[in-house]
Structures are given as C-alpha cells and as structure tokens.
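K.L.:
A structural model of the following input is requested.
(2 chains, ligands or ions: 2)
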Amino acid sequence: MEFGSTPKRSKLDSGHVNVAHEDFSDDLPFYSFPPTGKIDLIEVDDMVNERLSILEVFEELKISEIGQSKNLADHLGTIRERLKQIESKFGDNFITTLHARTLGAHNTLKKDARRRDQISHFLLRLYFCHPQEKKTWFVNRETELLRYRLLEETVGKAATNALSGQKNDSSVVAQMILKNNLNYEPIHLGNSDYDRDLRRKASFNNLFVTNDDKSPFYRILFEDALDVVRMRKAYLQDGYAYVSTHDMISLICTKFRQELNTALSRLNMRRSDEEHRLLPIINNIYLKKIASARKLKADASGKLKEVVTPDMIDNLALEHFPPCMESIHLNLRKNHHIKYGGRLHYGLFLKGIGLSLEDAVKFFRDEFIQKLAPEKFDKEYRYGIRYNYGKEGKKVDFSPYGCEKIINSTPGVGDAHGCPFKHFDWTNLKKFLVRKGVGDEVLQNIESLVEEKNYSKACGIYFTVRHPSHQISDEGITHPNTFYAESRKALQRNPKREDLILEDEIDHFTGSFLPEEETLNQDLLKLLKFLKLLKLLNQWIQAKWNRNLHQLIQTSLQSKNLL
Amino acid sequence: MGNDALDMLPLYYKILFPSKLFVRWLSYSESDETYFKRRELSFTLAGDIYLRYQSFPDDTELVKALLSKLPVKIDIGAVFNKEPRDNRKTMDVLIPLERELIFDIDMDDYDDIRTCCKGPEICKNCWRFIVIAAKILNAALIEDFGFKNILWVYSGRRGIHGWICDKRARRLTTEARSAIVDYLSLIEGGEFKSKRVTLPANKNLHPSITRALDIIEKEFEDFMVKDQKIFDTVESASKIVDLCTDPELKTSLRNKVLKTPHRTGLERWKCLEKAVELHVKERNYTRTHARYFLDEIKLQLCYPRLDVNVSRGINHLLKAPFCVHPKTHRVCVPVDIANIKKFDPFTVPTIDQLLSQIDAHDALQPEEKDNKESYAKTDLAQSIGLFRKFVVLCEKEAIMQRSSEQRSTESLTW
Ligand code: SF4
Ligand SMILES: [Zn+2]
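P.N.:
Residues are numbered from 1 along each chain as shown, chains lettered A, B, ... in the order given. Ligands and ions are numbered 1, 2, ... in the order given. Reported below is the predicted structural model:
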C-alpha cells in the first residue's frame, strides 16, 4: 500500500507500504536504518508472522543463559533445528536461508530473505515500542536472536567446519563491526615479545575459541566495554580492554540492546508527540468533513476530542476561545441566560471541543437556574441541548458552525451570538480587543480589515496577537473550533498538561475515515500512514498472536519477579 | 573531639592546614574557573551538626569559614552543575557532575579474620592488611585502568582512602564506577557466608587476580601464618580447612592438617599446601573444585575488602586530607604508596604534637619564628611536601592534555 498516493482509496487491505532504500545486502544486519521501498500488505502479514515465530523460539531456548558453556555448539544445534521447523509462506524462513550450512544458497532466495529480515524487524518495532513490557520482551528476544546469529556464524560454523576440516571464520564479527561503524578497531599482534606477552594475557580465558592464532583482539577504551570489565572477561591494560572476537559478540549485543531500546523509546515518543501535535489538526479536518459530508455515525464525533468538563470552561474561554464564543460565554455568565441563537452556536461549539451531552446539560442548567426555576429549565431548554447532540428531533449529529455561517447569521436584539468582527460596532469591538491585549498598531490593522469585510483575516490577526510564535494558515480563521484547536496547540509547545485521549480516535479515524490527500500536509500524511500501519499490525498480531504473546510476556515477566 | 583538641583547631586551621594547596588541588588547573566553586564541601561541627552543600570561591573564603565554624571534620563531595551554596537561590536542580573515583579500605571489614586486635584497636601487625590491600588496588588502577594521579590518604585511625584524580576518573559515570568496583571485588557474602571467594575451576585466572596473588604471596607466610597465627591452633586452622568444597579433599585435609600433630602453624600450612597440590595434580584440574583452593584462601584473607558504596556513587562524601581525626587527633596525611611499608600510623603526628613542635622550634630558633612557614617547623612538612608533589602532578596532566587538545584542533584547521 502506498499511503495516500491515490486519494480516494479507503480500503486498507490492498496496495503496498512504502519502504525506503532497497539495500538488503546484509546477511546479519544491525538494523541501523529502516528500509524503504514498497511491499504488499499481504506480505506484511506474513512477514510479521514469520518473525514472531522465530522470536518465540528464543523465549523457550534462551541463548544468553548458555553463555560460554562447553555445550554451546550442541545448544546452537538445537536452536538451529527448531528454527528449521518454522515454515513461512516464503518457503524456508529467513534465518534458515541466511545461515544455511551449505554453500550456494540461491542468490535470489537470500536476497528475499534479507529483505524480509529487515522489513519484519522494523514493522515489529512499531508494534512493540509501547508499552514497557511489550518493549522489554521484544528487545530481549531480538538481542537473543542477534546473539544466536553471531554465535552461529562463528562457533556454530566452526563446529561443523571442524568436522569437515575447514577453518574457523571469525570474520563475520569483524564485518559486522566494520559495516555498522561500531568504532571498535581490531589490533593484530605480531611476534615481538611484547605482542606475544599481550596475546598470552589477553587470551587468558580463551578456552573456547579455536586455536586460530590470527583471530584479532579488539582494543577498546574500558569505558566502552563496561560489561566485559564488570565480569572480568577481558584483559585490561593501561585503560584499554583487550576483547577477543568471541567476547565481542556480547559487547555487540549489549550495544544492540541499548540502541534498540533507545530507538524504540524515540519511536514511541515521536508517535505520541506527533499525535499530540497533529491531533487538533486531524480533529478539525474531521469536523470539517462532518460539516460537509454529515454521513458519519452520530456517536463517532464524541470520540475524537479531548474531554472538556464544565469546570474547565471559564479558563478555556479566557485563553483559547475565539471572540465570538468568548463573548457568548461572557454574556451567559453575566446574564445567566442566552437566547436561542447563542445556545445553538455555543452549544455546538462546546460539543466540538469535547463537552459531553451530560456535561453540557449540567453546564447550561447550573447557569440558567440562577435566574430560573429548575423545572422550567428542564422543560424548556434541555430539549434544545439534547437536540444539538442529535438526541432529539431530527436526531442529526450537528457539527459546530463555521465562521461563514456565524458571519452570515443575523443576530437580533438581545442575541449573544454572531461574529464580533462583523456584528459588534467598532467601539465595542475595540474595547474587547484592548482588554485582550491588542496594541494600537494591530487595532488599526484590524479596523481596516473589518472595513474590507475580511473578518476571517481580522480574526487571524487577533489570533497571532494571542500566540505570536504560532503559525496559522494565511487565509485566517475560518472556523471557531479551528481557532480553539490551534490555540491549544500553540500552548502545548510550552509544556503544559494535556490529557488527550487517543486510542479510540486513532481507531475510529484510521478505520472509517480517510481524509483526502490534498487537504493534508506532509506531517499529517506521515502520521496517518503510521497510525494505519500500526492499526493493521495491531489487528493482525492480536488476531493470531496476541493471546499467545501476552502469555509469553507475562511468564517472562513473572520469572523475573517483576509482577 | 575532646575540648582540648577543639581549642587547638583554630590555630591548626590558621597556620597548619594547607588551604592554598587544598584549593589548588581541587581546581585541577581546569580551564573552567568555576570548577572549585562548584565543589561541595561539607562540615561536621562539634555536637554532630552537619552542614552540607558548602562551597567557596577561593582559599581565603574557605579559611574564613573554617575559622568561624571550626568543623571537626571536612568532607569532599561532588562537583555540581552550579555552586551548591546557591542551591536555594536558583530554580535549577543541583546535579552532581564529576568527582574523583574514591576507595575506602577500613579495618572494620577485616574483623572476622584478624587475630591480633578487636574493635577500634589496630596494631602494626594488622595494619598490614591495609598495606596489602592498597598495594593491590594501586597496581590495578595504574596497570589495568591506566590511571596516573592517585592520592592515598591515611584515614586518621585504621584505614586508608584512595583518591583517583585523573580527569578521566573524575568524569566516570556511575555505571562505569560500578563496573570498576565489580572488577576489583572478589570477596563476596557477609557474616553468614564462610567461603567468600570462589574461582571457577573451568576458567583460567584473570591476569589482575594473578597479579594480586603475586603481591599476597610475598607476605602470606610471614604475615598471615607467622604474625596472624591463623594455623597456630587446630581451631583456627579448621576454619580454613572447612572452606574446602571438595568433600574428598576436605576429609584428607582434616586428617593430615588437623588430626596429625604439628609443631608450628607454619608446618601446618606447608602440610595443607602440599596436600592440596597433590590432590589437584592427581586429577583433571579443570574438573576439581580444589583447583584454586590455595588461591582462594589467600584471596579470602588478603584481597582488598572494599566499601563498594563509597566508590560506586558520584555523590558520596569522603573525608578530606589533612582533617584531624576527632578521636585520635591524628592528621589525615597523604601516604607515599611507593614506600607504604614504611608508613607507620602510630607515628602520624597529632594536632597536639604539631603545635608543641612549633613552640619548640620557635624556642630553639627564634630568628625563624616569623619568617618560616609554621608547617615547616613540624612533622607535617614531609606530608605537605608529598601533597604538593601530587598537586603539581595533577596540574601537569591538565596542562599537557590541554596542549595536546590544542594541537589536535590546530592540525585540524590546517
Ligand atoms: S471570525 Fe470566526 S472565529 Fe473569529 S470570531 Fe468570527 S466566527 Fe468566531
Ligand atoms: Zn592488630
């Protein structure tokens, strides 16, 4: 699925995912760069399954616990056989293909296996980056998988080669280090007394690696080899650790674990960041969509917003409401009453920012009954509010009015609604603006825009005064809810608690609503792709794996006494 | 601290405490002039009053504070992101950034094995535990980790402190400090574990352990067997024999070492040594637990016993050099590690002695009364000389490092 390339597509299970650079040359990747390019969605499903099956093997047969034991070669054999039994839609699974004992595995087969290896890893990153216990499970299994593959290429092959009289090949580790810029340099020790003494000391514990005298040592600042130092696994001299090729494997794995952990945290942070940053935009597009197309289910709209409760409204009005809504609000607070037009405009606006029906009733009721008998409110006004929420009358889930409608409305005597830029006379508008901190120069600017009847632009200028560092679209403000959303967004830049509730929105959003591409900016598209992919992964993995996986994660946590 | 000694403290801080050198040391010729200012010093006042997060712009202010507060103990903490004494003035949190890597070896940790004294007592005999420990640590820190600027300081009563001051050491993360401590720790388990060192028989010894054993071996018979008399009685010898985890060997050792009469402890030890060697020789050494039994005994008795928590943290306080020990009144003087065997804790001057040495000197040579530094008239002269040499060494390192950094940036721009 190529996300967004064909605007009208709404079916997700056809097409491709974009995958970046098509460089799949590594039999044993460190996964430093995500692949790019296209893949079939059906393939994604199969790849995810293949990798999860492989990772599962390591849940049972933990390689890290085997360490340097003499039985390592046997243990590797057990794992090798178990892995071979894993079938994938592609024939042999990628591990079996890539680490085939016999030479001359078919080149295209290998290439395809490499591709699956990389793509499936990055796909699972998305799924496993959150929450913590999922992340831990994934990092552990991936690290074990890497350890197995490194050991298999060195020790495992050495064992089979010994039988067939071939030489051990430690170059896999060297290659891995070289290719991935791991900044560990091998030193080759010669025949001088000093070198020989160093080699003797450095190989103090080389019971394990075969007597291949040429296998290099790595000279590493001890600060970069803390695990090896801690376990007294390497010889130390003058601030450097001399690490054997074999022990480099555990160093590489530690490094891999760290990097994967960081990458997953970053991914998760980016995800929630982007979501927080972009959700208001999605929200608006979504609202616009409802306004124009009105075909979405009534209950859907309630899901998209953050939750606003009556006690928050005073503050929000002061800080984030557009002039039209703020003036209605002030009016309501002052007179404990507003007329029909105001109730309609304001009621829908409040719904749009996330006030629930119950809260809306409560909010208006509490205010109205200060002047009114409660029974009277219940009889005369409750209906209208429920009507706004699609619970009465036509049962249509109305969307909040946009500026055009508000500007074109004709408020009569005693009406609180309307666009201040149009419906206020200049003295009152000026009073309002000055109170909100608008300076002389800007006032002049706004005055001339009002004279040109360019109210949206005027409102946009006002917005810019409120949030100087926040960019909004050139045409100004076209919807009070956009004003609100942008204003909230501007504030989020300066850290402040925001309790957006996301999960449902994503679900809803990605499931039933695909915005047209041209209305979206790049970021948003990226996020949508991401969310869609995540959703797909969630569905697939949940369907086939989740119970199983959940169990696995639980047991592995329990065994560590974490629960 | 008794009242007399307390009365002497003002004079000590005024004319003997090497405050200039002390500040020079903790400044390390760092190009950042705030380096010393950001260092936490903490004072313990008479009556167990603790003043943490003190910091000073220079030695004049430090001396002023010493004279007005008269701390019975000065501790050195970390270098923070800002001046610790300003903590309340600004909003940013106080974060420890750097500090020397430190080690604390105390006789407390040897109470279960020394036979000469108990409790707070020490004698020349058990002091040797400390000497061996310092030697082993010093060798590892220099040869293995490549540190150069190490100051050993007598703790004033029955221990020694190691200050590793290299720039690289000061910048170590907590994780790295932990790894170093683990690398240097062999003794495990507490009160309820009798066998505290176990070396896996299927592995060769790490070169650092081999080196430690070389150091121990030179003293083992003379010190542990003769002076500490660990094999002199059947009772104490059986404690050692019981450490053996190989049942077969253990039985044979019981018979040979414990049940057979020996004239001396040394004979008993020799007998044990021979029996173990024979046992290992007759078997596949990698398969028997007894492969390293002799080494394990030596290490359990003589390998450094570290207070690991002191070394692990970046924010741990440690008593400053040239403090006066509140109980013994001895000055915490630097120890020349090359001649540590000659260092005698019982000849370390007390504050009382030092002040009377000044009086005596002034009486004998009145012409020098006002034109010779007070410390130079006392036994502290040598210690301060040693300290000065160390401070100069640290400063040289800083200067050399800076010039090599400069050269490398110059060559880059070329
Ligand atoms: S321009 Fe739009 S947002 Fe601004 S006040 Fe008028 S209606 Fe409200
Ligand atoms: Zn003693």
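K.L.:
Show me which residues of the stretch 1-150 of chain B sit near chain A.
P.N.:
B:143-147 (CB under 8 Å from any CB of the partner chain). Quick note: C-beta positions are derived from backbone N, CA and C, even for glycine.
K.L.:
Top of these by number of neighbours, please.
P.N.:
Top of these by neighbour number is B:Phe145, holding 27 neighbours under the definition other CB atoms under 10 Å in any protein chain shown.
K.L.:
Let me know whether that residue touches A:Glu223 as I believe.
P.N.:
No - counting by CB atoms under 8 Å, B:Phe145 stays clear of A:Glu223, with 9.8 Å between them.
K.L.:
remind me which residues of chain B are low pLDDT?
P.N.:
Within chain B, the segments meeting pLDDT under 70 span B:1-3, B:90-91, B:189-193, B:286, B:408-414.
K.L.:
Strands of that one, start to end?
P.N.:
If DSSP state E is used as the criterion, the strands of chain B fall at B:39-45, B:49-54, B:73-80, B:96-98, B:101-106, B:150-154, B:159-164, B:318-319, B:334-335.
K.L.:
again, but for the stretch 201-350 of chain A
P.N.:
Secondary structure of the stretch 201-350 of chain A, counting by DSSP state E, counting those that start in this stretch: strands at A:217-221, A:235-237, A:240-244.
K.L.:
The last one: partners in the sheet, and parallel or antiparallel?
P.N.:
Paired strands of strand A:240-244, with direction, are strand A:217-221 (antiparallel), strand A:235-237 (antiparallel) (DSSP bridges).
K.L.:
Can you pull out the residues in contact with the last one?
P.N.:
It stands for strand A:235-237. Contacts made with strand A:235-237 from outside it, assessed by CB atoms under 8 Å, 6 or more residues apart in numbering or on different chains, are listed as A:198, A:201-202, A:204, A:222, A:229, A:241-242, B:143-146, B:183, B:206-208.
K.L.:
cool, stretch B:104-124 as well?
P.N.:
B:125-126, B:129-130, B:133-134, B:137, B:155, B:157-162, B:191, B:227-230, B:236, B:300-301, B:304-307, B:310-311, B:318, B:327, B:344-346.
K.L.:
Restricted to helices, list the residues you listed.
P.N.:
When DSSP state H is applied, these are split such that B:129-130, B:133-134, B:137, B:236, B:300-301, B:310-311 fall in helices.
K.L.:
which of those lies closest to ligand 2?
P.N.:
B:Phe129 (8.8 Å; CB to the ion).
K.L.:
For that closest one, list the residues it contacts.
P.N.:
B:Phe129 touches B:107, B:110, B:114, B:302, counting by CB under 8 Å, 6+ apart.
K.L.:
likewise B:Phe17?
P.N.:
Applying CB under 8 Å, 6+ apart, we find B:Phe17 in contact with B:63, B:66, B:322.
K.L.:
Now A:Val434. Nearest residue, chain neighbours left out?
P.N.:
Sequence neighbours aside, A:Leu443 is the residue nearest to A:Val434 in space, at 7.4 Å (criterion: CB to CB, 6 or more residues apart in numbering or on different chains).
K.L.:
mean pLDDT lowest for which of the strands paired with strand A:240-244?
P.N.:
Summarising mean pLDDT across these, the least confident stretch is strand A:217-221, with a mean of 87.
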